[in-house]
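J.: next one to model:
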Amino acid sequence: MAKIKANLSALLPGAGLVVVFAVFSLLGGARFYGAKNLQLILNQSYTVMLVGLGVTLIYAHGGIDFSVGAVLALSEMVAAMAYKKAGVPAILIIVTVLAAVACSLITGVITVKLRIPPFISSLCMQFTCRGVVNTVLQNKTIGVTELAAPGWGPKLAVLVVFALAVFILLTYTKVGKYNKAIGENIRAARSSGINVDFYRIVAYLVGGFAIGVAAYFDLLRNGVMSTNVGYGLEMNVITALVLGGLSLSGGYSATVRSAILGSLIIVIMTNGLMIVGVPTAYIGIVQGAIFLLVILFTYKRDKLGLLPR
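T.: So this is what the prediction gives:
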């Protein structure tokens, strides 16, 4: 019975994606499933998917990260400023990754070493990054429109390679296995000799790397850096992971599938609601209600995923 239940749970995200797509195809018609809108959905889901893959290890050990959108914005701003000064396009990817990894490392160290709850430490990082971006830009923009945005070939290649890398990390390496073990039972993990602090910080580094790569592609796709970049990304990522089958309690529910399927579900749902004419304000309410319902059914209250560990 337990095995059947596990198999059904694994199938739910995929079934949910099919149902959501079918419903909005019926309601929205060609406006929804037309080639132009499908391309828009893929572009919108790319950042959520890439960041979601990267932070999966953080959620695997029972952590949470509310700073991803603000870190993405700060990384893009610093990279755009560096490019304008140096004039070398290659500096963009280097700076976005370094800035994002540095921010994630700080969040990880504060969370792990100072025993600060991850939602507090990541919120502090979010406020700090947003404050820096708003102070520096002051509602101005930095344009990089002279640089060509990568086509779907390179973007898809990066996504596939990163998804494969995260899959290998989660399935075959100590980093993935230990982070999931920590999410299942941190006390047992410590008792078995796992260096809990080290592997949790490594998870933040992986997440930072993913945010940096996503920031690079997002900056080139938009062609401009503004204070609005990254707003709402954190909730989209969290909702996507949960809809994809990941439990916020952490543990062995952490899979690559969660980020990929969940990202498509949340973006298709948001896009579909807009296509059928639902006001933007109501879309947020619908997303929040769905997120709450999924949490109520999936969160394991005997775990301390949001508390200090």
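J.: so after the helix or strand where Leu241 lies, what's the next helix or strand?
T.: Secondary-structure assignment from DSSP states H and E places Leu241 in helix 233-243. Helices and strands here follow DSSP H and E; after helix 233-243, the next one along the chain is helix 256-275.
J.: now do that next one against helix 233-243, angle only.
T.: Angle of helix 256-275 versus helix 233-243, following axes from the mean of the first three to the mean of the last three Cα atoms, to 10 degrees, is 120 degrees.
J.: list the contacts of the helix holding Leu241.
T.: Applying Cβ atoms under 8 Å, 6 or more residues apart in numbering, the contact partners of helix 233-243 are 13, 16, 47-49, 51-52, 55-56, 59, 64-70, 72, 126, 248, 258-259, 261-263, 265-267, 287, 290-291, 294-295, 298. Every residue, glycine included, has its C-beta placed from N, CA and C.
J.: in helices, which of these appear?
T.: Counting by DSSP state H, the contacts of helix 233-243 place 13, 16, 47-49, 51-52, 55-56, 59, 68-70, 72, 126, 258-259, 261-263, 265-267, 287, 290-291, 294-295, 298 in helices.
J.: which among the contacts of helix 233-243 end up buried?
T.: Buried members of these, counted by 16 or more other Cβ atoms under 10 Å: 13, 16, 47-49, 51-52, 55-56, 59, 64-70, 72, 126, 248, 258-259, 261-263, 265-267, 287, 290-291, 294, 298.
J.: where exactly do the strands run in the stretch 51-200 of the chain?
T.: Using DSSP state E, counting those that start in this stretch, the strands of the stretch 51-200 of the chain run over residues 142-143.
J.: I figured Leu92 hits Val213, correct?
T.: No: Leu92 is not in contact with Val213 according to Cβ atoms under 8 Å; the separation is 10.9 Å.
J.: what are the ranges of the helices in the stretch 51-200 of the chain?
T.: Secondary structure of the stretch 51-200 of the chain, counting by DSSP state H, counting those that start in this stretch: helices at 68-86, 91-113, 118-137, 152-172, 174-184, 186-191, 196-222.
J.: so for Thr145, which of the ones you listed sits nearest?
T.: Closest to Thr145 of the helices of the stretch 51-200 of the chain is helix 196-222 (Cβ to Cβ; 9.2 Å).
J.: ok, then the element right after the closest one?
T.: Using DSSP H and E, the first helix or strand after helix 196-222 is strand 224-225.
J.: sheet partners, orientation included, of that following strand?
T.: Strand 224-225 has the following strand partners under DSSP bridges: strand 142-143 (antiparallel).
J.: can you tell me what sits against the strand it pairs with?
T.: Around strand 142-143, the neighbours that count as contacts under Cβ under 8 Å, 6+ apart are Met77, Ala80, Met81, Lys84, Gly223, Val224, Met225.
J.: narrow those residues to those that are buried.
T.: The neighbour count (16+ other Cβ under 10 Å) marks Met77, Ala80, Met225 as buried among the contacts of strand 142-143.
J.: Arg31: which of those residues is nearest?
T.: Nearest to Arg31, judged by Cβ to Cβ, of the buried ones among the contacts of strand 142-143 is Met225 at 30.6 Å.
J.: so Ala189 sits against Val196, correct?
T.: Yes: between Ala189 and Val196 there is a contact at 5.7 Å, judged by Cβ under 8 Å.
J.: so what sits against both of those two?
T.: Any residue near both Ala189 and Val196 by Cβ under 8 Å, 6+ apart counts here, and that gives Tyr178, Ile182.
J.: can you add pLDDT and distance to Gly29 and give the buried ones among the contacts of strand 142-143 back as CSV?
T.: Listed next are the buried ones among the contacts of strand 142-143 as CSV, based on pLDDT from 0 to 100; distance: Cβ to Cβ, whole Å:
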residue, pLDDT, distance to Gly29
Met77, 96, 40
Ala80, 95, 39
Met225, 91, 36
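J.: would CSV of the residues you listed with distance to Glu184 be doable?
T.: Formatted as CSV, these follow (distance: Cβ to Cβ, whole Å):
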residue, distance to Glu184
Met77, 38
Ala80, 41
Met225, 40
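J.: relative to Val136, which of the residues you listed is nearest.
T.: Nearest to Val136 out of the buried ones among the contacts of strand 142-143 is Met77 (Cβ to Cβ; 6.5 Å).
J.: in the chain, which residue is closest to the centre?
T.: By Cα atoms, centre = their mean, the chain has its centre lying nearest to Gly52, at 2.9 Å.
J.: any idea how far the residue lying closest to that residue once chain neighbours are set aside lies from Ala289?
T.: Excluding the flanking residues, the one nearest Gly52 by Cβ to Cβ, 6 or more residues apart in numbering is Ala259, at 3.5 Å. Distance, Ala259 to Ala289, using Cβ to Cβ, to the nearest Å: 22 Å.
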